[in-house]
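S.K.: here you go, sequence then predicted model.
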Amino acid sequence: MSAGSVTAVRERGAWIGLILAGLCLVDVALVLAHGGGYFVVVPRLAVVLPLAVVGAVSALAALGVEERVDAIAWLGLVVVAGAAWNVGVYSLKFGRASLSLLIPMAYPHGVDFRDGLYDPARAFTTAHSAWPPLSLYLGRPFTLLSLSTGYKVQVGILVGLAVAATVLSAKLAVRVVDDGEAAAGACDTPAAPGRDAVSSLPSARRIDARLLCLIMGLWMLSSYGFMYEVERGNVDLYALVFSLLAVWFTVRGARSAWLPAAFLAVAVGLKLYPAVLLVVLLWRYRWRTVAPLVVTTLAALLIGGPANLVHSFTALQTLSTTKTAGWWGMNSASAMAHVLHNHTTWAPSWVIVPLIGVPLLLWAATLLVLVRRGWSERGAVLASAACVPLMAIVPPVSNDYKLVLCVFPLAVLSTAVASLRREPAIAWIVTFGALCYAVIFLARSTILVAVSVQGSKYALLVLVQVLLLAVVTWPRAAAGDGVPTAERAA
């Protein structure tokens, strides 16, 4: 290695990634040398091999040229490696039977579709579904079909919604580019003839949204959360798309709060947790959003009648007290507390307090920093992304199919980290490496991990919150960084 290369490794912090990769590869070699068969070797490599990829890719990204699109491309390599390990290594050996290893199967397939949409819509009651009353109207068209046919249609819709959520996430994510330039190449917009998709941007600000869209689409469709969502036939992707539409029209500066409030109300009417996004609308429109939010949300919740609203809350409260709510595969704070109580000897009875308090404080701190800087498109997208982890952490019942929501904050973090100035160098490579780690392990199946603390995705969701706060408070360049895309009087 030349003196210049050694200097680059040292100055850009790449030595951190190289050391991590080296140590992990030594461990990989020892595991392979020890042998023991597929069911011994694969579990032993489940953490250390992805970490080797994270270390190597982080080092390569740090050593790359200053074109920030390189960071997105390197992250794409991480997504491909994660998909190959999280899905491919099992599919190659077990084929279609690998699904029973990757997700907690329920028979018949689509049990959530049946119990949450189809049967409640046919009886027009939420007494046993625990979903808000608007789901009765969503399920109504499916009752025109047989249950099995309706489930197949639901699967097709979920695939389409996953693609739509990825496109919306990418289009929103590119708006966090610091200098306010619109990132070139939105997922559905062709580049100008004879010009590269990012050639019109300054070299330090190039973010290719088409590439980001492709990468996050692969992450979404190969993730455990998406497979789980499809197998159950749940409606989290419906809620995600309507939530992103609410954010989109808020960020794009809809003159009236009624349109984004209506989209958010639909999301809340299907799943209650998107209600946390109302803080973004309140920030943008202030007092002008109160009436639209109240009217549209009440309409969505009461559309099935007051009795059905009461039934859904009662059913949800009952579900929250069952053993299912404390399953080690859940990603809520309360489930994490349950795991700690049952699998450790040190966790006190009040451990739930910091487990739910820390995420709330991280969320509040992120929003406080952004709000104090004043309204901007960049700030609104970051604030919206910061709300997503809470959607999974705070509700007592938070199954892993809710992980499909993470496509939005991960897309935002990918763009934000790629556009950051790379000083301090060590901080940047650690941040990028942590993002790579989250990308791989948020897509990994929980049931492949033995019953333990690491089976929960709670810690990874908190890591996403920490990364968002780090991005928001990152040192800015002297010229151009952090200039809002469009300042508007609220």
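M.R.: Looks like it came in fine.

S.K.: give me the below-cutoff pLDDT ranges for the stretch 51-200 of the chain.
M.R.: 65-69, 178-200 (pLDDT under 70).

S.K.: go with 50
M.R.: By pLDDT under 50, the weakly predicted segments of the stretch 51-200 of the chain are 66, 68, 178-200.

S.K.: same question for the stretch 201-350 of the chain.
M.R.: Counting by pLDDT under 50, the ranges of the stretch 201-350 of the chain that qualify are 201-205.

S.K.: please enumerate the helices of it.
M.R.: For the stretch 201-350 of the chain, the helices defined by DSSP state H, counting those that start in this stretch cover 209-222, 224-232, 236-251, 258-270, 278-285, 290-302, 306-320, 333-343.

S.K.: tell me which of these lies nearest to Ser445.
M.R.: Each of the helices of the stretch 201-350 of the chain has some distance to Ser445 by CB to CB; the shortest is helix 224-232, at 4.3 Å. All C-beta spots, glycine's among them, are computed from the backbone N, C-alpha and C.

S.K.: nearest approach to Ala56 belongs to which of the helices of the stretch 201-350 of the chain?
M.R.: Across those, closest to Ala56 is helix 209-222 (CB to CB), at 17.7 Å.

S.K.: hey, what's the angle from the closest one to helix 236-251? Just curious.
M.R.: For helix 209-222 against helix 236-251, the angle by axes from the mean of the first three to the mean of the last three CA atoms, to 10 degrees is 160 degrees.

S.K.: now do the buried residues in helix 209-222.
M.R.: For helix 209-222, burial by neighbour count (16 or more other CB atoms under 10 Å) applies to 209-222.

S.K.: could you dump those residues to CSV with distance to Leu117?
M.R.: As requested, those are arranged in CSV below (distance: CB to CB, whole Å):
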residue, distance to Leu117
Ala209, 33
Arg210, 34
Leu211, 36
Leu212, 32
Cys213, 29
Leu214, 31
Ile215, 31
Met216, 27
Gly217, 25
Leu218, 28
Trp219, 26
Met220, 22
Leu221, 22
Ser222, 26
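
S.K.: out of those residues, which is nearest to Val167?
M.R.: Among the buried residues of helix 209-222, Cys213 lies closest to Val167 (CB to CB), at 5.9 Å.

S.K.: right, and that closest one touches Ala165 too?
M.R.: No - the pair Cys213 / Ala165 is not scored as a contact, 11.0 Å apart, by CB atoms under 8 Å.

S.K.: number of residues surrounding the closest residue to Thr296 other than its chain neighbours?
M.R.: Closest residue in space to Thr296, ignoring its immediate chain neighbours: Ala265 at 3.6 Å, by CB to CB, 6 or more residues apart in numbering. Residues near Ala265, counting by other CB atoms under 10 Å, number 27.

S.K.: how about Leu309?
M.R.: Number of residues near Leu309 (other CB under 10 Å) recorded here: 17.

S.K.: likewise Ala123?
M.R.: For Ala123, the number of neighbouring residues by other CB under 10 Å comes to 13.

S.K.: for Thr297, give its distance to Thr289.
M.R.: In this view, Thr297 and Thr289 are 11 Å apart by CB to CB, to the nearest Å.

S.K.: which one is the residue nearest the centre of the chain nearest to, not counting chain neighbours?
M.R.: For the chain, the residue nearest the mean C-alpha position is Cys406 (0.7 Å; CA atoms, centre = their mean). Of all residues not flanking Cys406 in the chain, Leu442 sits nearest, at 5.4 Å (CB to CB, 6+ apart).

S.K.: wait, that neighbour touches Val407, no?
M.R.: No - Leu442 lies out of contact with Val407 (CB under 8 Å); the separation is 9.7 Å.

S.K.: returning to what we had before: what about Thr297 and Thr289, which has more around it?
M.R.: Taking Thr297 and Thr289 together and counting by other CB under 10 Å, Thr289 has the greater number of neighbours (23 against 19).
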